[in-house]
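> Test case, fold it:
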Amino acid sequence: MGLNYSIINELIHRQEPEYKLYEGMKDGIIKCDAIIRNATKKFQNKAWNFAEHYYNAPFLYIMASGSAYAQAYGFAICSLQEMQWMDCCYLDSAEYFHGPFEVTDKDHIYILLKSVGKTRMIDERAEVFLNKYAEKYEIIDAADCGMDAIDDSCVDYFNAPLFYEMSVLYRTAIQNKSGHPLDMRRYMGVVEY
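Take a look at the predicted model:
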């Protein structure tokens, strides 16, 4: 059973008659699931390849900007630290140049969640630096995933759900390579804390 957009439209306009992004948001919601499904298929081999090379990496940096920064946080602390017991941290792409870029070299591993929208140029700046000074990095580009099909006025809202699914794809690939089940915990729900 599909969403009844005429009812939703009426309710939104009744509650927020001046809401300017309604058409773009509606279009984005309609497109988002298919974009994410297609991106997951498209990036499957890339995720497996990443896991093959870095499943036992001593440390990873997860970098993103704007609304996707929250997903860099979730990817690092939930998907990798909690579920895979991997040492990593999350960085805002804009903060990268306030000091963290000093550790960039051929040995440090980065995953850059490259947004579509207002903060894309910040991610592009980080990508240019990684291209020049790093050797081990993965770019998950929302544009390559198809998010550029969503209206520019509201595409920022859709980066995080895409990157959540990408983090699920990557953590599952790492689990399958490492043999460490995603639900195995040492402390959480096991001991008192």
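
> what residues are up against the most centrally placed residue in the chain?
Central residue check for the chain by CA atoms, centre = their mean: the C-alpha nearest the mean position is that of residue 163, 2.6 Å away. Contact criterion CB atoms under 8 Å, 6 or more residues apart in numbering gives 64, 68, 71-72, 75, 113, 140, 142 as the residues in contact with residue 163. For glycine as for every other residue, the C-beta is placed from the backbone atoms N, C-alpha and C.

> and those, which of them are in strands?
The strands, defined by DSSP state E, take in 64, 113, 140 from the contacts of residue 163.

> on that earlier part again, make a markdown table from the contacts of residue 163 and add pLDDT, neighbour count and distance to residue 39 to it.
A markdown table is the format used below for the contacts of residue 163 (pLDDT from 0 to 100; neighbours: other CB atoms under 10 Å; distance: CB to CB, whole Å):
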| residue | pLDDT | neighbour count | distance to residue 39 |
| --- | --- | --- | --- |
| 64 | 98 | 31 | 16 |
| 68 | 96 | 31 | 14 |
| 71 | 97 | 24 | 14 |
| 72 | 98 | 26 | 17 |
| 75 | 98 | 27 | 15 |
| 113 | 98 | 28 | 12 |
| 140 | 98 | 26 | 9 |
| 142 | 98 | 27 | 8 |
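
> Most widely separated two among those residues?
The two members of the contacts of residue 163 with the most space between them (CB to CB) are 75 and 142, at 14.1 Å.

> thinking again about what came up before, list just the nearest of the contacts of residue 163 to residue 106.
Within the set of the contacts of residue 163, residue 140 lies nearest residue 106; the separation is 20.8 Å, counting by CB to CB.

> Tell me which residues touch that closest one, please.
With contacts defined as CB under 8 Å, 6+ apart, the neighbours of residue 140 are 43, 111-114, 163, 166.

> and what of residue 168?
Residues touching residue 168, when contacts are defined by CB under 8 Å, 6+ apart, comprise residue 79.

> related to what we said a few turns ago, got the contacts of residue 163 as a markdown table, with distance to residue 34 columns?
Converted to a markdown table, those look like this (distance: CB to CB, whole Å):
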| residue | distance to residue 34 |
| --- | --- |
| 64 | 23 |
| 68 | 20 |
| 71 | 20 |
| 72 | 24 |
| 75 | 23 |
| 113 | 20 |
| 140 | 18 |
| 142 | 15 |
